[in-house]
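Colleague: Sequence and predicted structure, then a few things I'm wondering about:
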Amino acid sequence: LMIAVSSHRNKNLGAELALTMMHYGARYLRIRRFFVKIKDTNHASLRLFSEKLGFAQCAYAKCFGEYELECRCETPEEMTEWAEKRWRRRCQQKKNDADAGGCHGDDDRGGRPRGLYDVYECPLISSA
């Protein structure tokens, strides 16, 4: 995950993208563990995964200067729910922030916050 254009950084796009990917991976690919390696000098990514997303540090590779963090659930369903709860929490935080104007999602649908895939207009895969 990389936000290359500096003018797009610090807008919570990384957190939203990570949650969307994690939700998709858990729901449709049955993933229950996500793992990242982050250079110890990459403070923005460390903050994103440890503070904003709640990943736990599982190792530090001193020779590479890399932290290893993970998010693990017992089942894919639990991981799906985890991602949905995080998304709802982020939406509520944004809604409470007067400057943010809601969660990309107080739109013309009666003020109802958008769901994970609504924000980026990603089509959902049929579960049939």
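Modeller: Happy to help now that I have it. Residues are numbered from 1 along each chain as shown.
Colleague: show me where the protein has strands.
Modeller: For the chain, the strands defined by DSSP state E occupy 33-39, 56-61, 66-72.
Colleague: Residues in contact with the first one: which ones?
Modeller: Spelled out, that is strand 33-39. Applying C-beta atoms under 8 Å, 6 or more residues apart in numbering, the contact partners of strand 33-39 are 22, 25, 45-46, 49, 55, 58, 61, 64-73, 79. C-beta here means a position set from N, CA and C on the backbone, and glycine is covered the same way.
Colleague: Now a PyMOL select for only the buried ones of those.
Modeller: Provided next is the PyMOL selection string for whichever of the contacts of strand 33-39 are buried by 16 or more other C-beta atoms under 10 Å:
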select buried, resi 22+25+45+46+49+55+66+67+68+69+71+73+79
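Colleague: How many residues are close by Leu19?
Modeller: Neighbour count for Leu19, taken as other C-beta atoms under 10 Å: 22.
Colleague: coming back round to it: with mean pLDDT and distance to Leu13 as new columns, can the strands of the chain be given to me in JSON lines?
Modeller: Formatted as JSON lines, the strands of the chain follow (pLDDT from 0 to 100; distance: least, C-beta to C-beta, whole Å):
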{"stretch": "strand 33-39", "mean pLDDT": "96", "distance to Leu13": "17"}
{"stretch": "strand 56-61", "mean pLDDT": "96", "distance to Leu13": "23"}
{"stretch": "strand 66-72", "mean pLDDT": "97", "distance to Leu13": "19"}
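Colleague: For those strands, give me TSV that also has distance to Trp87.
Modeller: Formatted as TSV, the strands of the chain follow (distance: least, C-beta to C-beta, whole Å):
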stretch	distance to Trp87
strand 33-39	15
strand 56-61	19
strand 66-72	14
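Colleague: Quick one, which of those gets closest to Leu17.
Modeller: The minimum distance between Leu17 and the strands of the chain falls on strand 33-39, with 12.8 Å, by C-beta to C-beta.
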